[in-house]
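Asker: below are the sequence and a predicted model for it; my questions follow.
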Protein chains: 2
Amino acid sequence: MKSFKIALAQFSPHIGNVESNVQKMIDQVNSAKKQNADLIIFPELATVGYPAEDLFLRPSLSKRTLQAFEQLSLVKDIVMVFGFVHQAEDGHRYNSAAVMKDGQVLGIYNKQNLPNYSVFDEKRYFNEGHQHLVFEYLGHKFGVLICEDVWSLNTVQQLSQLNVETALVLNASPYEVGKPQHRVATLTELSKQLNLNLVYVNQVGGQDDLIFDGTSFVLNKDGTVALQAASFKEDLFIVDYDAEQKFYKVHDSAPALSTMAEIYQGLVLATRDYVQRSGFPGVILGLSGGIDSALTLAIAVDALGADKVQAVMMPYTYTSQISVEDATEQAKRMGVTFGIAEIHPIVNSFMQTLYPFFGNSPADATEENLQARARGTLLMGLSNKFGNLVLSTGNKSELAVGYCTLYGDMVGGFAVLKDVYKTIVFELAKYRNSLEETPVIPERVITRPPSAELRPDQKDQDSLPAYDVLDAILYAYIEDDLSQDDIIAKGFDKEVVEKVIRLVDRNEYKRRQGAIGPRITSRAFSRERRYPIVNGWKPGI
Amino acid sequence: MKSFKIALAQFSPHIGNVESNVQKMIDQVNSAKKQNADLIIFPELATVGYPAEDLFLRPSLSKRTLQAFEQLSLVKDIVMVFGFVHQAEDGHRYNSAAVMKDGQVLGIYNKQNLPNYSVFDEKRYFNEGHQHLVFEYLGHKFGVLICEDVWSLNTVQQLSQLNVETALVLNASPYEVGKPQHRVATLTELSKQLNLNLVYVNQVGGQDDLIFDGTSFVLNKDGTVALQAASFKEDLFIVDYDAEQKFYKVHDSAPALSTMAEIYQGLVLATRDYVQRSGFPGVILGLSGGIDSALTLAIAVDALGADKVQAVMMPYTYTSQISVEDATEQAKRMGVTFGIAEIHPIVNSFMQTLYPFFGNSPADATEENLQARARGTLLMGLSNKFGNLVLSTGNKSELAVGYCTLYGDMVGGFAVLKDVYKTIVFELAKYRNSLEETPVIPERVITRPPSAELRPDQKDQDSLPAYDVLDAILYAYIEDDLSQDDIIAKGFDKEVVEKVIRLVDRNEYKRRQGAIGPRITSRAFSRERRYPIVNGWKPGI
């Protein structure tokens, strides 16, 4: 029995790149060894990254994993616990953890609980394990769990009954608002209930639409939080176990984040990882003078630096002077490359070309969409010519009801605010402005009534209910899965609810062709809300 | 013991519309009764349709199913076997079949084998059943199986050991080339091996990217095919059982289809169902004079009728005269509405607006994309104004290597040829031309070398390997899951293979924003090839 140090590698893998991930793991091992760690723990599936989706099925993954083991087997004088894809001899594939020391594999644990709901599809890829892994090291008894396992009372209870003192939990648990706090609160209770210390290591980084927040932690079985790692940062954290006191010493915790700080940092991380890991030199976006593009610009600059961000204002007849002023002012404050491109000639040429077909048909959404598509095509032209990725700027409320133009403002490779309701967009803008003496987003952008400026004196609220009402209905329908009748019964106006739900249902086709964007809610329009496009479901009960 | 008649309802549900599906089921019951059927069998999950995806999770589905049972319980004098979602009292949800007669539920069977690979996600929605259902009727012993169950030797063997004479198999088995023949061949062997008659009823109809071909059949245990229903048609088929001979009488079979006929009819059905069930009055597409749009036009006309189809030619400087002639000629032969819209003024206005940004940068793909996006925006303008759905015309080979413009020629709600390799496009065009004395596609469209006509004298083969080589490499990589090294080892040129694979890998983002389109292969770019966009997997081993 001896005191020891555990290193938590809050690791950000490059999905699918086993070679570079293993190289980075070895770097972290070396850093842990310099800090005298006896044990280092990596997240779930660290070698290939989570979720690698159908890359898990590539026949050569097992060869690549073997190469990874060969490299890792050269590491000496530290116990490593890391996640990998285990292609077993029985032909089954497992989501597994290896315990390795001095080139010897001391044990392999196969995840027992495979989530196959929400954003998870693990039963597509893996078989379930049926055995616990327990190992003794430095006189201490450790057990291993992988992510979903720790949420199964049954599984953790079995482990605790094997006289395990500390459970090492390897995770790739995606972020959503409130999730970091929920994990610690729930597992503190479990830890106390089962008399088990918990070392919880989470993946960090953006991967397509998923954000992994890290926020790893260590819990003593008496309920004290020994370590609380920062969110949204790749780092190595060390925790000390005092064998005398049988206690993980309490280390300085990362400061708690406000909800808006948490969301904002999550979006920054997601944007940075998407852009950099896709190999783009920078980003470009259309700045309209409205709040969505203003917030997107701020996030882009915080993610990549002003020198990597280009903003373009594309005014038309209905663009107000204050929009041009505010966009120009924000671009100046943020120090990004900024240009103005009038779209009149383009829209006119479309209208003239279409005149023989349209004749004297009255103007409708068609003409509005032409403006949006002229802008989308200009942005794509600039992107094609100079290589910057187009960020699209729409929010979740718009996307839900289809208040956006496919191939127009929906153009782009990454939709930063895709899962952010409009009411939260306002909060995030205020939050970002609160960080500096001179607010980066001109005040007027936040206070003026939102408008798409696609026809004279247009306001969003001409077509949609007030955003607080709209978002409440959307939340009830999408996140809470309530029916139309349930929502009306909560006191919302019947006609408004019916209209909103009709719009959500009929705009599935638009969302399906939209860019991916980072998930921050419990039900994003991404891999976790899978609705058929051809869909005869009638709202009501 | 008595002779009897079974009706096979080769049924096309409207996904999610329980009310209309049940109404249609009752219509089919009435038709079956008129033909003196004793038993009618519907496909898997007939009440809600397959796959209803996350509609399976809507809380009110169980109420809607209850209403369906109430309506079906009014049916008298026939045994109905139909699929439904069974929300059991233990809180589990099952993919089930009910046996109902005169308002009484005689038994419920819960599917035991839940596919969760390829296009299937059943473990997201359902729990596994663990019990067989056997019932006696008219002195004959029946068992029930649902789709994947019949492919588990173990499950079918257990059923046969319960002295079942006929297994009723309810299916929603999606089409792919060769699948209809494969089902009959494999199950004929099984039927003989286990001494079991099989009545196999399959869903028919297009649902988003999936085509259900129907092609239901009845097998005697001696290996004779008693009934072979037509593919791609909703219909009711009756089979007679002779109790004396213990034999399903052999009925006239639907004529076998050539592979091209099969694919063509599948695409026609998929297009018709998508357009009609989405409520569009018709379709519009860009006709370029090339073979992809020519074939798409023919399919659209066969699916919807010429009066529902509008074609637009949008020439530019690089459009050859023969393209205009051929497009005009085909539109005339097919009798569709046809118009020509020159895009010079639009492309020029884009170029002038971008000039201050581009300066004297040399022309590259940017300028080509502007042409494609001008066309896409025109089509969308016409679609917005008059309500027709835009069909996109790209094929699988292009989409695989990204030889297509996002928001340009990729514009559209349904991509008819999305899963059709270019080499098959040629075959299908020849097949369609073979059906009539005057070929609907002008011969020159098929024989001239393919060109995107986006720069002077451009040919597809300037940028891509010959299509037979390209398609062979793509097939090896996508359908057969071979690695780069494997494909080179088959004798393909190393540089060509590396280039093709690099293009496939890096164009995932384009495909993700593309329209859905009907699946005809074993590995479509749809729900069954799920690759991360940010993806560090290196080709090689």
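Answerer: Ah, there it is. Numbering: from 1, shown residues only, chains lettered A, B, ... in the order given.
Asker: distance between stretch A:359-371 and the chain's centre?
Answerer: 37 Å (C-alpha atoms, centre = their mean, to the nearest Å).
Asker: ditto for stretch A:480-494
Answerer: With C-alpha atoms, centre = their mean, you get 29 Å for stretch A:480-494.
Asker: next one: stretch A:466-484
Answerer: On C-alpha atoms, centre = their mean, the centre of stretch A:466-484 falls 22 Å from the chain's centre.
Asker: and the contacts of it?
Answerer: A:396-397, A:400-401, A:421-423, A:450, A:460, A:464-465, A:486-487, A:490, A:492, A:496-498, A:500-501, A:504, A:521-523, A:529, A:539-541, B:57-60 (C-beta atoms under 8 Å, 6 or more residues apart in numbering or on different chains). All C-beta spots, glycine's among them, are computed from the backbone N, C-alpha and C.
Asker: A:Ser160: neighbour count?
Answerer: 19 (other C-beta atoms under 10 Å in any protein chain shown).
Asker: any idea how far it is from chain B?
Answerer: According to C-beta to the nearest C-beta, to the nearest Å, A:Ser160 and chain B sit 27 Å apart.
Asker: tell me the contacts of that residue?
Answerer: Counting by C-beta under 8 Å, 6+ apart, A:Ser160 touches A:Ala167, A:Leu194, A:Asn195, A:Leu196.
Asker: any residues touching the worst-scoring helix or strand of chain A on mean pLDDT, and which ones?
Answerer: Counting by mean pLDDT, DSSP states H and E, chain A has its least confident helix or strand at helix A:460-463, which shows a mean of 86. Helix A:460-463 is touched from outside by A:Tyr403, A:Pro449, A:Pro450, A:Ser451, A:Ala452, A:Tyr467, with contacts defined as C-beta under 8 Å, 6+ apart.
Asker: as CSV, could you dump the C-alpha coordinates of the helix or strand hosting A:Lys24?
Answerer: Assigned by DSSP states H and E, A:Lys24 belongs to helix A:18-34. Extracted in CSV, the C-alpha atoms of helix A:18-34 (Å, rounded to 0.1, in the frame of the first residue of the first chain):
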residue,chain,number,x,y,z
VAL,A,18,-4.7,6.4,-35.2
GLU,A,19,-1.2,7.2,-36.0
SER,A,20,-1.3,10.8,-34.8
ASN,A,21,-3.5,10.0,-31.8
VAL,A,22,-1.0,7.5,-30.6
GLN,A,23,1.8,9.9,-31.0
LYS,A,24,-0.1,12.5,-28.9
MET,A,25,-0.9,9.8,-26.3
ILE,A,26,2.8,9.1,-26.0
ASP,A,27,3.5,12.8,-25.6
GLN,A,28,1.0,13.0,-22.8
VAL,A,29,2.5,9.9,-21.2
ASN,A,30,5.9,11.6,-21.2
SER,A,31,4.4,14.7,-19.6
ALA,A,32,2.7,12.5,-17.0
LYS,A,33,5.9,10.7,-16.2
LYS,A,34,7.7,14.0,-15.7
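Asker: how about that helix against chain B, any contact?
Answerer: Yes: judged by C-beta under 8 Å from any C-beta of the partner chain, helix A:18-34 comes into contact with chain B at A:Glu19, A:Ser20.
Asker: what's that helix packed up against?
Answerer: The helices and strands touching helix A:18-34, judged by 3 or more C-beta pairs under 8 Å, 6 or more residues apart in numbering or on different chains; DSSP states H and E, are strand A:4-10, strand A:39-41, helix A:61-72, strand A:79-87, strand A:235-242.
Asker: most tightly packed of the ones you listed?
Answerer: With neighbours defined as mean count of other C-beta atoms under 10 Å in any protein chain shown, the helices and strands packed on helix A:18-34 peak in mean count at strand A:39-41, which reaches a mean of 27.
Asker: now stretch A:146-159: mean pLDDT?
Answerer: Mean pLDDT, stretch A:146-159: 98.
Asker: that should have said stretch A:442-452, apologies.
Answerer: On average, stretch A:442-452 scores 93.
Asker: in the least confident helix or strand of chain A, what's buried?
Answerer: Using 16 or more other C-beta atoms under 10 Å in any protein chain shown as the test for burial, helix A:460-463 gives A:Asp460.
Asker: now it, how far from the centre of its chain.
Answerer: 30 Å.
Asker: ok, stretch A:55-71 next?
Answerer: 26 Å.
Asker: and stretch A:75-86, by the same measure?
Answerer: 27 Å.
Asker: now the contacts of helix A:460-463 in TSV, with neighbour count and secondary structure?
Answerer: TSV is the format used below for these (neighbours: other C-beta atoms under 10 Å in any protein chain shown; DSSP: H, G, I helix; E, B strand; the rest coil):
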residue	neighbour count	secondary structure
A:Tyr403	20	coil
A:Pro449	8	coil
A:Pro450	21	coil
A:Ser451	20	coil
A:Ala452	21	coil
A:Tyr467	20	helix
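Asker: quick check, the residue in the stretch 1-150 of chain A closest to chain B?
Answerer: Here the residue of the stretch 1-150 of chain A nearest chain B is A:Asn17; by C-beta to the nearest C-beta that distance is 2.8 Å.
Asker: that residue reaches B:Trp537, doesn't it?
Answerer: Yes: A:Asn17 is within contact range of B:Trp537, at 6.7 Å (criterion: C-beta atoms under 8 Å).
Asker: list the contacts of stretch A:321-330.
Answerer: Looking at stretch A:321-330 with C-beta under 8 Å, 6+ apart, the contacting residues turn out to be A:287-290, A:293-294, A:297, A:311, A:313, A:315, A:338, A:340, A:440-442, A:444-445, A:448, A:453.
Asker: now, these that are in strands?
Answerer: The strands, defined by DSSP state E, take in A:Ala311, A:Met313, A:Phe338, A:Ile340 from these.
Asker: what is the burial count for the first one?
Answerer: What it means is A:Ala311. 27.
Asker: same question, the last one
Answerer: A:Ile340 is flanked by 15 other residues according to other C-beta under 10 Å.
Asker: circling back: could you export the contacts of A:Ser160 as TSV, including neighbour count, secondary structure and distance to chain B?
Answerer: As requested, the contacts of A:Ser160 are exported to TSV (neighbours: other C-beta atoms under 10 Å in any protein chain shown; DSSP: H, G, I helix; E, B strand; the rest coil; distance: C-beta to the nearest C-beta, whole Å):
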residue	neighbour count	secondary structure	distance to chain B
A:Ala167	25	strand	27
A:Leu194	17	helix	25
A:Asn195	11	coil	30
A:Leu196	21	coil	29
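Asker: could these be laid out in a markdown table, adding distance to B:Thr47?
Answerer: Compiled in a markdown table, the contacts of A:Ser160 are given as follows (distance: C-beta to C-beta, whole Å):
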| residue | distance to B:Thr47 |
| --- | --- |
| A:Ala167 | 45 |
| A:Leu194 | 44 |
| A:Asn195 | 50 |
| A:Leu196 | 47 |
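Asker: farthest pair within these?
Answerer: Within the contacts of A:Ser160, two members stand farthest from each other by C-beta to C-beta: A:Ala167 and A:Asn195, at 11.1 Å.
Asker: measure A:Ala37 to A:Arg272 for me?
Answerer: 28 Å (C-beta to C-beta, to the nearest Å).
Asker: give me the more crowded residue out of the two.
Answerer: Shown here are A:Ala37 and A:Arg272; by other C-beta under 10 Å, A:Ala37 has more neighbours (24 against 20).
Asker: excluding chain neighbours, what is closest to the more buried one?
Answerer: Distance criterion C-beta to C-beta, 6 or more residues apart in numbering or on different chains; nearest residue to A:Ala37, sequence neighbours excluded, is A:Ala7 at 3.8 Å.
Asker: hmm, that neighbour is touching A:Ala229, no?
Answerer: No: contact criterion C-beta under 8 Å: A:Ala7 and A:Ala229 do not qualify, at 11.4 Å.
Asker: identify the contacts common to the two.
Answerer: Residues within reach of A:Ala7 and of A:Ala229 at once, by C-beta under 8 Å, 6+ apart, are A:Phe237.
Asker: with that, I have no additional questions.
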